[in-house]
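1. Starting from these lines, generate the structure:
(one chain, ligands or ions: 3)
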Amino acid sequence: MGLLEKIYEPKDLRRLDFTELETLAQEIRQKMIDVVSKNGGHLASNLGVVELTLAIHRTFDSPHDKIVWDVGHQTYVHKLLTGRLDWFSTIRQYNGLSGFPKRAESVHDCFETGHSSTSISAAVGFAKARDVLRENHHVLAVIGDGAMTGGMAFEALNHAGQSETNMIVVLNDNEMSISPNVGAMSSYLNRLRTDPRYDKRKEDIEYLLKRIPGIGTQVAKMVAKAKDSLKYLLVPGLIFEELGFTYLGPIDGHDQALVEQVLDQAKHKKGPVLVHVVTRKGKGYRPAEENPDIFHGVGPFDTETGKRTKISAPPTYTTVFGETLCALAKEDPKIVAISAAMPSGTGLNVFASQFPERFFDVGIAEQHAVTFAAGLAFGALKPVVAIYSTFYQRAFDQVLHDVCLQQANVVLAIDRAGVVGDDGPTHHGVFDISFFRIMPNLVIMAPKDENELRHMLYTALQYCGPVALRYPRSVGQGVKLDETLMNIPIGKAEVLRQGKDVTLIGIGPIVNLCLLAAQELRHRGVDAAVINLRYVNPLDRELLIHYARLTKHFITIEDQVLKGGMGSAILELLEEEGIEGVAFERLGYDGFVDQGPIPQLHKVHGLSVKGIMQAAERLQLIRRVAQS
Ligand SMILES: Cc1ncc(C[n+]2csc(CCOP(=O)(O)OP(=O)(O)O)c2C)c(N)n1
Ligand SMILES: CC(=O)[C@@H](O)[C@H](O)COP(=O)(O)O
Ligand SMILES: [Mg+2]
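-> Ligands and ions are numbered 1, 2, ... in the order given. Coordinates of the predicted model:
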């Protein structure tokens, strides 16, 4: 039995000495490497916080003390130390342990995350609640340097610094977001990390003071006590100090004893404290240390070599998007691209290397990314902002107020639209049609395959006004890619199959299921039309009205929540047109969706041929479909 098996709750850690802790840290790293090599997951970030997490749990008393993790992708160590070792092998799997903090999973997960830069706000909330209720516990936010680039983090620092409440922000600085970290704050942290003057000057000043005849030693002692004022002497203008925080650091986050010592110091200070901890992303596993970006969120891999299992598959939508954008940008020098800290995830890394002056990584700042794009557009450029669907939720008002209201020529590329798989409910991109569809002036399109994606991107860049283009996380359909790109008329759907008994309508690649279902229905004597809607806004009103009158039965399917989605848009259209008597079935999600493999999630939620057949049965077009 290893040491890890003997840790049932965090307090078990407190009886270990530093040699045992070193052994435990190794066991934790091995466990994470083994499990993530099978399930996939956020390995590098977790390897980097082993000593830090041990130190936090040894210094503080969770769940009495509140530990709020930012993003939450680095909570595997925390999970292993808080009674979840037995389920750890199920992490990120269907019905398994979540890859992020989950309140329902443990009392030690006091706040759920997945989206970045929320931890300080939540921690101020916990701290203020404690103050109001006159309770007595510690509150910590653990935030990475990447997450610290997000606007919410600055808003919360601003609030916390003035509030004078007791709370601790642990800044885990590994110089990395998913890719190398960007921005002025990152440069500032780098200056703090690398400034040799801090320790040197402190020693020099103490030495000089001690040499003042008669009173030197006394003064040196007084100054050493007044550490904060000494620090002002040494590192003037520390941003965090100016904001009202006591700044402690930078310290080596892999020095177990030192981290514990400084956290303990922070614990006894009054008011907000920021502890700046320097760690190495991927620490302890060479492939991850060498490629922290690849091992940020990694699929299954060989633990010996760190190599991913290669499966031959068509290119992903993301890859086709990135390559098509580069091809178009070669011809048009006005095209520029913007990423919010995800150049490789969005396929814009290729653009970044080909057109470095025309590429902008703004950090984890989706709101800024969108308004910045509006500014670029009014400055006569053609900006393409590529953000995951789930992270566009952050930029709702910027799209509405800064892009749509002013009709800015901005292309909003919505990557990871639809369910995304193992990251689960925090990351599924299943709301964007609903929240974008209500925005006046916004054209919304989604391709049925990667070839259509290319034409749509071309169309979006030709169009005058805001366009949103949504596509999923998955690999493409493996179709041939046309060399010459063409405009797809705005608001025109595509009839994939004629039919007179029922109309199956889909948007995005999920529409391909309708073709398969139409064949099945044919065997059952039902003649189904299939429409690739292409545009949710504007709708192809004429075509939809024609098929409503002809078939009188509609089945819609979308990789999206039902409320406010594509099916809802068509229902609204029928109502507006006063068309009655159309029997309607909508397939999509009803609320948050669990984690799990994408095909399984589709199946569970009826986004399948069987699901369409069952819908046809409910419409009484066919008799009962066999249950399996
Ligand atoms: C709002 C939002 N945008 C983008 C992301 C994607 N994302 C997840 S982790 C991450 C990098 C975080 O870097 P950091 O906080 O430094 O943590 P590290 O992985 O380095 O430990 C990004 C960009 C996100 N989770 N939330
Ligand atoms: C934690 C986080 O938000 C990202 O790391 C996300 O998991 C990336 O998802 P993809 O794997 O789809 O790029
Ligand atoms: Mg980081």
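
2. From residue 307, how far off is the residue of the stretch 151-300 of the chain found nearest ligand 1?
-> For the stretch 151-300 of the chain and ligand 1, the shortest gap (Cβ to the nearest ligand atom) falls at residue 177, measuring 4.1 Å. C-beta here means a position set from N, CA and C on the backbone, and glycine is covered the same way. The spacing between residue 177 and residue 307, counted by Cβ to Cβ, to the nearest Å, is 24 Å.

3. Could you do residue 348 as well?
-> According to Cβ to Cβ, residue 348 and residue 307 sit 25 Å apart.

4. Just name the shakiest helix or strand of the chain by mean pLDDT.
-> helix 227-234 (a mean of 44; mean pLDDT, DSSP states H and E).

5. re the thing from before, of residue 177 and residue 307, who's got more company?
-> The neighbour comparison of residue 177 against residue 307 (other Cβ atoms under 10 Å) goes to residue 177, with 28 against 10.

6. wait, what's in contact with the more buried one?
-> By Cβ atoms under 8 Å, 6 or more residues apart in numbering, the contact list for residue 177 reads 144, 145, 146, 149, 341, 363, 364.

7. Any residues of the protein in contact with ligand 3? List them.
-> Within reach of ligand 3 by Cβ under 5 Å from the ion, the chain has these residues: 144, 145, 146, 174, 176.

8. Which residue is the nearest non-sequential neighbour of the second one?
-> Counting by Cβ to Cβ, 6 or more residues apart in numbering, residue 173 is the residue found nearest to residue 145 once chain neighbours are left out, at 4.3 Å.

9. domain assignment for this structure?
-> For the chain, the structural domains run 4-188+241-290, 196-234, 317-470, 494-618, going by automatic domain parsing.

10. Please name whichever of these is nearest to residue 484.
-> Proximity to residue 484 (Cβ to Cβ) singles out domain 317-470 among those, at 9.5 Å.

11. coming back round to it: tabulate the domains of the chain in CSV, adding columns for distance to residue 478.
-> Putting those into CSV (distance: least, Cβ to Cβ, whole Å) gives the following:
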stretch, distance to residue 478
domain 4-188+241-290, 23
domain 196-234, 56
domain 317-470, 8
domain 494-618, 11
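
12. Mind telling me which of those the model trusts least?
-> With a mean of 51, domain 196-234 has the lowest mean pLDDT of the domains of the chain.

13. picking up where we left off before, out of the domains of the chain, indicate the one that is most buried.
-> Among the domains of the chain, domain 317-470 has the highest mean neighbour count (mean count of other Cβ atoms under 10 Å), at a mean of 22.

14. ends of that one, how far apart?
-> End-to-end distance of domain 317-470 (Cα to Cα, to the nearest Å): 10 Å.

15. So what touches stretch 459-467?
-> Under Cβ under 8 Å, 6+ apart, the answer for stretch 459-467 is 328, 332, 335, 382, 384, 399, 403-404, 407-412, 441-445, 469, 486-488, 490.

16. Quick check: end-to-end length of that stretch?
-> Across stretch 459-467, the terminal residues are separated by 9 Å (Cα to Cα).

17. now swap in stretch 562-581 and tell me
-> Using Cα to Cα, the two ends of stretch 562-581 sit 21 Å apart.

18. which residues are in contact with it?
-> 433-435, 437-438, 505, 507, 533, 536-537, 539, 541, 544-545, 548-549, 552, 554, 556, 558, 560, 582, 584, 586-590.

19. in the protein, what residue is nearest ligand 3?
-> Closest to ligand 3 within the chain is residue 144: 3.8 Å, counting by Cβ to the ion.

20. how far away is that residue from residue 251?
-> Distance, residue 144 to residue 251, using Cβ to Cβ: 16 Å.

21. so when I look at residue 439, I'm seeing a helix, right?
-> No: per DSSP: H, G, I helix; E, B strand; the rest coil, residue 439 lies outside any helix segment and is coil.

22. got a list of what it touches?
-> Contacts of residue 439 were listed using Cβ under 8 Å, 6+ apart, and they are 399, 400, 404.

23. any idea how far it lies from residue 462?
-> 20 Å.

24. coming back round to it: quick one: which of the contacts of stretch 562-581 sit in strands?
-> Taking DSSP state E as the definition of strands, the contacts of stretch 562-581 contribute 505, 536, 537, 554, 556, 558, 560, 584, 586, 587, 588, 589.

25. next helix or strand past whichever strand or helix holds residue 127?
-> Per DSSP states H and E, residue 127 falls inside helix 119-132. Counting by DSSP H and E, the next helix or strand C-terminal to helix 119-132 is strand 139-144.

26. Can you give the strand pairings for that next one, parallel or anti for each?
-> Using DSSP bridges, the strands paired with strand 139-144 in its sheet are strand 66-69 (parallel), strand 167-173 (parallel).

27. quick one: contacts for the closest residue to residue 162 other than its chain neighbours?
-> Nearest residue to residue 162, sequence neighbours excluded (Cβ to Cβ, 6+ apart): residue 244, at 6.0 Å. Going by Cβ under 8 Å, 6+ apart, residue 244 touches 160, 161, 162, 164, 271, 272.

28. Adding secondary structure, write the residues you listed out as JSON lines.
-> What follows is those, written out as JSON lines (three-state DSSP):
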{"residue": "160", "secondary structure": "helix"}
{"residue": "161", "secondary structure": "helix"}
{"residue": "162", "secondary structure": "helix"}
{"residue": "164", "secondary structure": "coil"}
{"residue": "271", "secondary structure": "coil"}
{"residue": "272", "secondary structure": "strand"}
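
29. how about those residues, which pair is most distant?
-> Using Cβ to Cβ, the two most remote members of these are 162 and 271, lying 10.4 Å apart.

30. Let me see the residues that make contact with stretch 530-537.
-> 433, 436-437, 442-448, 452, 456, 488, 490-497, 499, 503-507, 511, 514-515, 518, 539-540, 543-544, 547, 566, 569.

31. Let me know the helix or strand that the residue most central in space within the chain is in.
-> Central residue of the chain (Cα atoms, centre = their mean): residue 115, 5.1 Å from the mean position. Applying DSSP H and E as the criterion places residue 115 outside every helix and strand.

32. Do I have it right that it meets residue 388?
-> No: judged on Cβ atoms under 8 Å, residue 115 makes no contact with residue 388 at a distance of 10.0 Å.

33. Can the helix or strand residue 377 falls within be said to contact ligand 2?
-> With secondary structure defined by DSSP H and E, residue 377 is part of helix 366-378. No: using Cβ under 6 Å from any ligand atom, helix 366-378 never reaches ligand 2; the gap is at least 11.9 Å.
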